[in-house]
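> Mind looking at a prediction? Sequence and model below.
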Amino acid sequence: MDMDRAIAERHSVRKYTSRRIEGDVLRDLGREIDRVNGESGLSVRLILDEPRAFGGFALKGVMGFENAVNYLAISGPESDHLELDAGYYGEHLVLFAQSIGLNTCWALMAKKGIASENLPDGHRMVISISVGYGANQGVPHKSKPIGQFADVEGAPEWFVDGVRCAMLAPTGVNRQGFRFERDGARVRLIGGSGTLGRIDTGIVKYHFEHGAGRENFTWMD
């Protein structure tokens, strides 16, 4: 998949057409979900033609979801990194979906009780992501200046590239509540707290790794 293009072109979409996910697109998405589940230990499930999780859902100041009947339900075994993993691997699937012509929107406030049906034993529901063929392609989110995310004065190119890629990451209500610190080739990501903050941290981490190149640095706790 062309990750750079997917990152540049992917924006949150809440309105979908009635076109079904099927054929090669359904097969490819299903295979990637299976691969991610095997690697991560999460349970990501693709729920199709199920309107209840997003029915009547709206956010303050924006239109609610329309024709959102397909979604990824992300759950996993309880751990201190469950939300971070959900964000990290969920964002990979968001970008994979974009690369095969689908649109998505992270939705922490979707009805978790419905998405929690038939979970594997010992798993906790974390978040849902709507997926489908968008009625539009969404719009880019506004971003703070790069200096609010990291000190990039004299920083190596890989670090600046990583920060710039992280600035394109979706975060809850576009808070962008994260910052990077660097000590040579070691990087610390300071993210938000709470469920939403930890999910956002996983998403941002995925973006930074892609932009910086995982071979160029190591993470600090």
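Good, I have the coordinates.

> what pairs with residue 75 across the strands?
Beta-bridge pairing of residue 75 under DSSP bridges involves residue 43, residue 125.

> isn't it right up against residue 125?
Yes - the criterion here is CB atoms under 8 Å, and residue 75 meets it with residue 125 at 4.7 Å. Backbone N, C-alpha and C define where each C-beta goes, glycine included.

> what about these two, which has more around it?
Between residue 75 and residue 125, counted using other CB atoms under 10 Å, the more crowded position is residue 75 (22 against 19).

> now residue 67: how far from residue 159?
According to CB to CB, to the nearest Å, residue 67 stands 41 Å off from residue 159.

> who's more crowded, those two?
Ranked by neighbour count (other CB under 10 Å), residue 67 and residue 159 place residue 159 first, with 22 against 18.

> Now for the protein, the helix or strand with the poorest mean pLDDT.
helix 112-115 (a mean of 71; mean pLDDT, DSSP states H and E).

> Please, which helix or strand holds the residue lying farthest from the centre of the chain?
The outermost residue of the chain, judged against the average C-alpha position, is residue 154 (30.3 Å), by CA atoms, centre = their mean. Taking DSSP states H and E as the definition, one finds residue 154 inside no helix or strand.

> that older thread, look up the residues that both of residue 75 and residue 125 are in contact with.
Common neighbours of residue 75 and residue 125 (criterion: CB atoms under 8 Å, 6 or more residues apart in numbering): 115, 116, 119.

> Pull out the buried residues from those residues.
Neighbour counting by 16 or more other CB atoms under 10 Å classes residue 115 among these as buried.

> from the shared contacts of residue 75 and residue 125, which single one is nearest residue 206?
Closest approach between the shared contacts of residue 75 and residue 125 and residue 206, by CB to CB: residue 115, at 21.7 Å.
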